[in-house]
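Peer 1: Sequence first, then the predicted structure:
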Amino acid sequence: MTRTRRNHIDLPLLTVVLLLMVLSLGIVYSASATWALEKFGEAESLLNAHLIKVLLGIAALFAGMFMPYKKYQRLTKFVLMGAIVLLAVTLLAGGETKGVSRWLRIGGFSMQPSEFAKFALLFHLSSLAASKGEGITDLKRGFMPMMIWIGLVVGLVMLQPNFSGAAMIAALSLMLLFVVRAKFVHIAGALAMGVPALGLYAISADYRLQRLLSFFGRAEATNDNYQLTQGIIGFGMGGIFGVGPGESLQRDFFLPESYGDFVFSVVGEEYGLIGTIFFLFLFLMIMTRGFRIARATTNPFGRNLALAITCTITFFALVNAGVTLGMLPTTGQPMPFVSYGGSALLFSAYAVGVLLNISAYTDMHPRAHPTNEAEQSPDVTIVVPS
């Protein structure tokens with residue numbers, strides 16, 4: 001029997017993520033109170049639902065933190081296969097909202113399988129890259145098997161239809177392949193085939209085409225560019241210091257469902273430029289701590305997984321901020337740990353818990369040095385007679 005000594009987890013990363021989830025309570029309440037009062041007759045209705053999800057998210061974070069990350073390496077294939085089955089079931093029997101089938105409802109519980117599939121895919125790609133080693137540069141035996149898994153997940157998510165979610169999963173997957181040193185020519189080939197296909201799919205539906213045209217200023221007013229315009233106005237009204245907590249006018253009269261994908265606009269209006277910079281700084285902290293954990297990890301699977309989780313959280317945060325600021329087309333993707341939501345919050349929190357677990361197996365935060373000289377290295381494996 002072997003036992004590997006663990007060190008302390010990365011407390012700065014834990015603090016930042018918990019802070020984001022706690023701050024989201026006030027932001028979601030401010031953004032949803034008026035709408036919830038009109039629809040449910042109670043201003044705290046969505047806040048109460050979000051509080052439960054935040055508490056479940058904190059539980060998921062600690063659950064991910066305490067399971068040794070190396071155990072995932074032998075499970076990732078089966079977990080990903082389960083995620084693909086869930087995506088297929090969602091297409092056949094999932095609940096339809098606003099013309100799309102993205103949620104799977106069982107009793108009173110609902111989940112968005114694409115959020116689960118996103119992390120399941122990245123976990124498995126991290127495992128494959130670690131096991132293949134230099135073999136990842138081989139097109140047939142290294143690169144193509146990974147592209148098949150990517151294609152299955154991306155294709156099923158596109159069929160929901162969820163173009164923005166599929167595009168972001170594809171981008172994250174190729175980003176991870178680049179980081180784990182797949183050949184650039186192979187990645188370029190995948191892009192050469194995938195980008196035109198995604199582009200044709202993007203313009204195949206009128207509402208997606210209208211989003212792109214409105215972003216480039218080539219379309220008439222629609223719900224998408226109306227929401228974007230009102231969100232940008234909110235940032236402008238906030239100025240440097242903001243109008244103050246709970247004082248947003250956009251969320252009351254102009255910005256529909258501002259507690260979701262456009263919650264960052266409420267942050268900009270109520271807390272101003274200083275508030276938006278503060279929130280972006282928190283995500284910058286997540287990025288720098290995550291990259292530092294990856295750099296300090298000697299296990300290839302742990303290093304790949306740390307990079308995948310870090311890139312996912314920060315990439316989604318940057319895309320959401322870019323959308324609300326009018327720098328990117330509307331995507332419908334939430335701000336991690338801040339937007340009102342369930343599946344995205346739970347799976348992101350669990351993934352960060354895994355990242356914290358990886359940090360415990362580095363020498364970043366060593367425990368008190370034992371007297372046994374052989375145990376002073378945090379990476380040493382102690383053999384205990386059974």
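Peer 2: Arrived safely, thanks for sending. No experiment lies behind these values; they were computed from the predicted model shown. Numbers count the residues shown, from 1 in each chain.

Peer 1: Report the separation between the residue nearest the centre of the chain and residue 350.
Peer 2: Against the mean C-alpha coordinate of the chain, by CA atoms, centre = their mean, the closest residue is residue 313 at 4.3 Å. Using CB to CB, to the nearest Å, we find residue 313 at a distance of 12 Å from residue 350. Bear in mind the C-beta positions are built from the backbone N, C-alpha and C, glycine included.

Peer 1: Just the buried positions in stretch 26-38, please.
Peer 2: 27, 28, 29, 30, 31, 32, 33, 35, 36 (16 or more other CB atoms under 10 Å).

Peer 1: can you list the residues that contact that stretch?
Peer 2: Residues from elsewhere that reach stretch 26-38 (CB atoms under 8 Å, 6 or more residues apart in numbering): 42-47, 50, 245-246, 248, 251-252, 257-259, 263, 266-267, 270, 338-340.

Peer 1: same check, this time on stretch 64-75
Peer 2: By CB under 8 Å, 6+ apart, the list of residues contacting stretch 64-75 reads 4, 9, 79, 123, 127, 130-131, 299, 301-302, 305, 349-354, 356-358, 361.

Peer 1: change it to 10 Å
Peer 2: Outside stretch 64-75, the residues that touch it by CB atoms under 10 Å, 6 or more residues apart in numbering are 4, 6, 9, 14, 79, 82, 120, 123-124, 126-128, 130-131, 297, 299-302, 305-306, 309, 347, 349-361.

Peer 1: Could you give me the ChimeraX selection string for whichever of those are buried?
Peer 2: Applying 16+ other CB under 10 Å to those, the buried members can be selected in ChimeraX as follows:
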select :9,14,79,120,123,124,126,127,128,130,297,299,300,301,302,305,306,309,347,349,350,351,352,353,354,355,356,357,358,359,360,361
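
Peer 1: one step back: which helix or strand contains the residue nearest to the centre of the chain?
Peer 2: In this structure, residue 313 sits in helix 300-324 according to DSSP states H and E.

Peer 1: Could you list every helix and strand in contact with that helix?
Peer 2: Other helices and strands packing on helix 300-324, by 3 or more CB pairs under 10 Å, 6 or more residues apart in numbering; DSSP states H and E, are helix 11-40, helix 113-132, helix 163-179, helix 223-238, helix 263-296, helix 343-359.

Peer 1: in the protein, which helix or strand is least confident?
Peer 2: Using mean pLDDT, DSSP states H and E, the weakest-scoring helix or strand in the chain turns out to be strand 381-383, at a mean of 38.

Peer 1: TSV for the helices and strands packed on helix 300-324, including distance to residue 75?
Peer 2: Shown next, in TSV, are these (distance: least, CB to CB, whole Å):
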stretch	distance to residue 75
helix 11-40	24
helix 113-132	9
helix 163-179	18
helix 223-238	40
helix 263-296	21
helix 343-359	12
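
Peer 1: In terms of mean pLDDT, which of those helices ranks lowest?
Peer 2: Across the helices and strands packed on helix 300-324, helix 223-238 has the smallest mean pLDDT, namely a mean of 76.

Peer 1: That one packs against which elements?
Peer 2: Short answer (3+ CB pairs under 10 Å, 6+ apart): helix 223-238 packs on helix 206-215, helix 250-253, helix 263-296, helix 300-324.

Peer 1: Out of those, which one sits most buried?
Peer 2: Ranked by mean neighbour count, the helices and strands packed on helix 223-238 are led by helix 300-324 with a mean of 23 (mean count of other CB atoms under 10 Å).

Peer 1: hmm, back to that, can you lay out the helices and strands packed on helix 223-238 as a markdown table showing distance to residue 146?
Peer 2: Listed next are these as a markdown table, based on distance: least, CB to CB, whole Å:
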| stretch | distance to residue 146 |
| --- | --- |
| helix 206-215 | 27 |
| helix 250-253 | 43 |
| helix 263-296 | 19 |
| helix 300-324 | 12 |
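
Peer 1: Please name whichever of those helices is nearest to residue 21.
Peer 2: Of all the helices and strands packed on helix 223-238, the one in closest proximity to residue 21, counting by CB to CB, is helix 263-296 (10.9 Å).

Peer 1: and the closest one, how far out from the chain's middle?
Peer 2: Distance of helix 263-296 from its chain centroid, counting by CA atoms, centre = their mean, to the nearest Å, is 14 Å.

Peer 1: Which strands or helices does that helix pack on?
Peer 2: Against helix 263-296 (3+ CB pairs under 10 Å, 6+ apart) you get helix 11-40, helix 223-238, helix 250-253, helix 300-324, helix 343-359.
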